[in-house]
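Chemist: structure here, sequence nowhere to be found:
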């Protein structure tokens, strides 16, 4: 009898231990996208979704163009349809039109889409039209693993409106095979008297980029260049400018606002810190590839990911693209925090504070919500939960073009990346960079106030004029500041202040 | 016949006209008097505030308008000259006349957005074939899309390529419909080809030329897709045109009320300026 009991116990134990593997085999056969991990048990796993029945129902999604976010949306829609029997219609829209495509029907009281993709800085304008994420999803295991900063980005006043599917920040990417190359280190030292190393300031970044500009330093027969950056107006270039400005303008000694002085709501974007950053950026037009002044995000990813430049800074996509097995610079790149500065503007004393300063920029990320007027809310949240389930997420973050980037604590483990072929030291530098940003106490979060688009567009237009040589950096930013004042007057200072205070509290580590 | 019956027959057309023309214009005027935007999504009434903003505090709109004037006038003049030359060429008895007539029309039959994407690839400064070819000839790379002045000419090149066939088509139709007698008379008088063109062909073609130029000016003044795809109005604001600027204000920044103000003002300016242009052209080209 005892033997039988022991055998039964052993059998049950074995089943319990190996059951996830059994699921993995079953589901990864049908869905090769998750072949690396198989299905991972959870509330929104493949197994769980297969028990839902949405036959006869249609889910309508508006997402970005393929591939960035558009491709994973379509892929997971197809999987979701197979598992649940639902019909899923996916519409792809260019980035610049995502806001309006949702906003027009929102304002007209319609819901042509159950799910709308956009950027997390849309939250303030969109939240009145979005259904808050139900408690059962907020309390799920997969949500508990989301980092606090990304929970904050997806929420407003403690209510989660956007389902976390992506986590974004800007950081530095560099060619490790050049920066760590003793031959180039010696050559650079002889030519400039300075060390060739991962740049810690924007001035060092500029000097190195200028030196490695316009000659074939990787021996592929083609010219390489200093840096690939998002400089094209209306194509997220404002985010690149904020990244360059953070080190000069985010002073930990002067809490209370990076974009505005929260007390007076005076725009800060034309202070000497921002002007210094724009002056650096104008100089950068000399060390980007030909046509680099018109590079949008896709061009930047292609340029750095294709091995054309020494440096780049923006979202993870270019780095992950560079690390894919088919990349010409696979395992030849490194990640580091955004460069800093040797001085930072102090708006209280109206002078520069000398000393090293660095400030990570959490540049929102892809965000997605369910329309309040949707008739298929439950199915919509199930789809989003399935999209971001652990198996899908792990597969998605390893594909650069997908635009799905780390936002969970588990993503900051080296093993996750070495499993997909990254060298251990590169994986380590990557996760260290991301983790350091999470831990930083001098962070900048995106502007999320009423009229965000107007503020960012005014800034981008002014910066673009400076880059094109139409205006000096100071004149351009004075023009932008004047427009920000006008926008403030139209929207109402108190309205903007109220919303801006939420972001400032995050920046000042009060949330 | 009862007079009232006429109105019964007029009503369907009148309703359609009101529905598709009058209503949108009236709605635009009403919208232009509101502050509809992303944070005030309502048709409130703010009087002429938007118009005051436009006329006192928006130099970017006026810059984009003058840029548009330059681009549209330049492109239409080039299209007219090239289109006329091509039409004259296939009007004559030449070999493969039919083949050329079809070939010259191909650019117009392609989708502007797709073709502009292809042109953008051609002119890509580091990856495009144009600079590669020039490099092979020892010419330094040209900043087709990054230089504020050259970018304007790049837009002109694409526009001329795309729309010259339209001009060609209208002018060829005009040439084919010309009476033969004046040409016979000129031949009997021993007029040279140049004199025949100056004193016979060009004057006879004047009415259709004016029509073609005005139609193209109306179309060219709405230039949007080429700018949107090729340069996004950049570098800086160097190629931003009125319609692209209105698009930015309306659908990027979601300032619907203000965008309506821009649209209506633009419409009024275009009606006035095109009327003047038509009169000037008539005076210059048609001799009594």
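Modeler: Yes, it's here. Note that the structure is predicted; figures quoted are calculated from it, not measured. Residues are numbered from 1 along each chain as shown, chains lettered A, B, ... in the order given.

Chemist: how many neighbours does the residue in the stretch 1-150 of chain B that chain A sits nearest to have?
Modeler: Residue nearest to chain A within the stretch 1-150 of chain B: residue B:125 (3.1 Å; Cβ to the nearest Cβ). All C-beta spots, glycine's among them, are computed from the backbone N, C-alpha and C. Burial of residue B:125 is recorded as 20 neighbouring residues (other Cβ atoms under 10 Å in any protein chain shown).

Chemist: element containing the residue lying closest to residue A:430 once chain neighbours are set aside, please.
Modeler: Nearest residue to residue A:430 in three dimensions, chain neighbours excluded: residue A:335, at 4.5 Å (Cβ to Cβ, 6 or more residues apart in numbering or on different chains). Per DSSP states H and E, residue A:335 falls inside strand A:333-336.

Chemist: helices or strands next to that strand in the packing?
Modeler: strand A:171-175, helix A:176-179, helix A:317-323, helix A:424-439 (3 or more Cβ pairs under 8 Å, 6 or more residues apart in numbering or on different chains; DSSP states H and E).

Chemist: now the first one, how far from the centre of its chain.
Modeler: By that I understand strand A:171-175. For strand A:171-175, the distance from its own C-alpha centre to the chain's C-alpha centre is 15 Å (Cα atoms, centre = their mean, to the nearest Å).

Chemist: quick one: it to helix A:424-439, angle?
Modeler: Counting by axes from the mean of the first three to the mean of the last three Cα atoms, to 10 degrees, strand A:171-175 lies at 160 degrees to helix A:424-439.

Chemist: partner strands of strand A:171-175 and their direction?
Modeler: Neighbouring strands of strand A:171-175 in its sheet, by DSSP bridges, are strand A:309-314 (antiparallel), strand A:333-336 (antiparallel).

Chemist: can you add mean neighbour count and give those strands back as JSON lines?
Modeler: What follows is the strands paired with strand A:171-175, written out as JSON lines (neighbours: other Cβ atoms under 10 Å in any protein chain shown):
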{"stretch": "strand A:309-314", "mean neighbour count": "27"}
{"stretch": "strand A:333-336", "mean neighbour count": "23"}
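
Chemist: tabulate the ones you listed (JSON lines), appending mean pLDDT.
Modeler: JSON lines is the format used below for the strands paired with strand A:171-175 (pLDDT from 0 to 100):
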{"stretch": "strand A:309-314", "mean pLDDT": "94"}
{"stretch": "strand A:333-336", "mean pLDDT": "95"}
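
Chemist: not counting residues beside it along the chain, what's closest to residue A:325?
Modeler: residue A:421 (5.8 Å).

Chemist: phi, psi for whatever residue of the stretch 1-150 of chain A ends up closest to chain B please.
Modeler: Closest contact between the stretch 1-150 of chain A and chain B, by Cβ to the nearest Cβ, is at residue A:107 (4.0 Å). Backbone geometry at residue A:107, expressed as degrees, to the nearest 10, gives phi -70, psi -20.

Chemist: tell me the confidence at it?
Modeler: Listed pLDDT for residue A:107 reads 88.

Chemist: give me the number of residues near it?
Modeler: If we define neighbours as other Cβ under 10 Å, then residue A:107 has 19 of them.

Chemist: circling back: the residue nearest to residue A:430 touches residue A:429, doesn't it?
Modeler: Yes: in this structure, residue A:335 is within contact of residue A:429 by Cβ atoms under 8 Å, at 5.2 Å.

Chemist: before we move on, the earlier item: bridging residues for the residue nearest to residue A:430?
Modeler: residue A:173.

Chemist: same question, the one 5 residues further on
Modeler: According to DSSP bridges, the partner residues bridging residue A:340 are residue A:201.

Chemist: isn't it right next to residue A:204, touching?
Modeler: No: using Cβ under 8 Å, residue A:340 is not in contact with residue A:204; the gap is 9.6 Å.

Chemist: these two: which is more packed in?
Modeler: Remark: of residue A:340 and residue A:204, residue A:340 carries more neighbours, 23 against 18, as counted by other Cβ under 10 Å.
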